[in-house]
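1. Mind folding the following:
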Amino acid sequence: MIKIAPSILSADFANLERDIQAASSADYLHVDVMDGAFVPNITIGVPVVQSIRKCTDMFLDVHLMIEKPVRYIEAFAKAGADLLSVHLEADHPTRIAESLKTMGECGVKKAVALRPITKAEAVLPYIDQLDLVLVMTVEPGFGGQAFMEGQLETIRQVRAIIDKYNPACELEVDGGISPQTAPLATKAGANVLVAGSAVYGAADIPGAIQALRSV
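-> This is a model prediction of the structure:
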């Protein structure tokens, strides 16, 4: 089954609780945390995740686009994240491993994320312990970008790695997902689709979620 994770990056931050509730029929809620260093944008931090947790029981899929994420794993777990994804490019491999270890100790699901410059095989040292791999189909940092079709091969390669080493692991795709691009991502092997503009730019948010789920 295809799961949909609306990205609140495209929501109205002045009416965030309203927009979260409007997307409550989705499977996950995708929360983009950006630090202005790993990516050239600053979004939200621990206090906002705490506030989100108070207003919804949705599964919080928290995507850490931050440098040296191990520093904040425990804080985001305590804030209410259900899953944390860290970018493989954001720290030394030993520190990425430490991040995943801390996630396990905190009882949150573990994920790694790949930006377009990163090859699929970069997940191999971690794959046996992951709950999800996130493949970016845009350069991380800003919403509303066009889907990079060149990333379909990376999705296919990650799917092959998952099927071989950890079939229970989910494969999430984030960036430029729409009714037109969603079938490309799912055909390549994705089973979780992050969608920002395609959900929050729609007049009928539940209808947009269902349309993506039905691709």
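
2. where along this structure do the strands fall?
-> Here the chain has its strands, by DSSP state E, at 3-6, 28-34, 59-65, 83-87, 109-114, 132-136, 170-174, 192-195.

3. quick check: angle from the fifth one to strand 170-174?
-> Strand 109-114 runs at 50 degrees relative to strand 170-174, counting by axes from the mean of the first three to the mean of the last three CA atoms, to 10 degrees.

4. Restricting to C-alpha, output strand 109-114 in PDB.
-> What follows is strand 109-114, C-alpha atoms only, in PDB (Å, rounded to 0.1, in the frame of the first residue of the first chain):
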ATOM      1  CA  LYS A 109      12.100   4.600  14.300                       C
ATOM      2  CA  LYS A 110      15.400   5.000  12.400                       C
ATOM      3  CA  ALA A 111      15.900   6.500   8.900                       C
ATOM      4  CA  VAL A 112      18.700   7.900   6.700                       C
ATOM      5  CA  ALA A 113      18.200  10.300   3.900                       C
ATOM      6  CA  LEU A 114      20.100  10.800   0.600                       C
END
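
5. Report pLDDT for the most centrally placed residue in the chain.
-> Geometric centre of the chain, nearest residue: residue 63, 5.0 Å, by CA atoms, centre = their mean. With respect to pLDDT, residue 63 scores 98.
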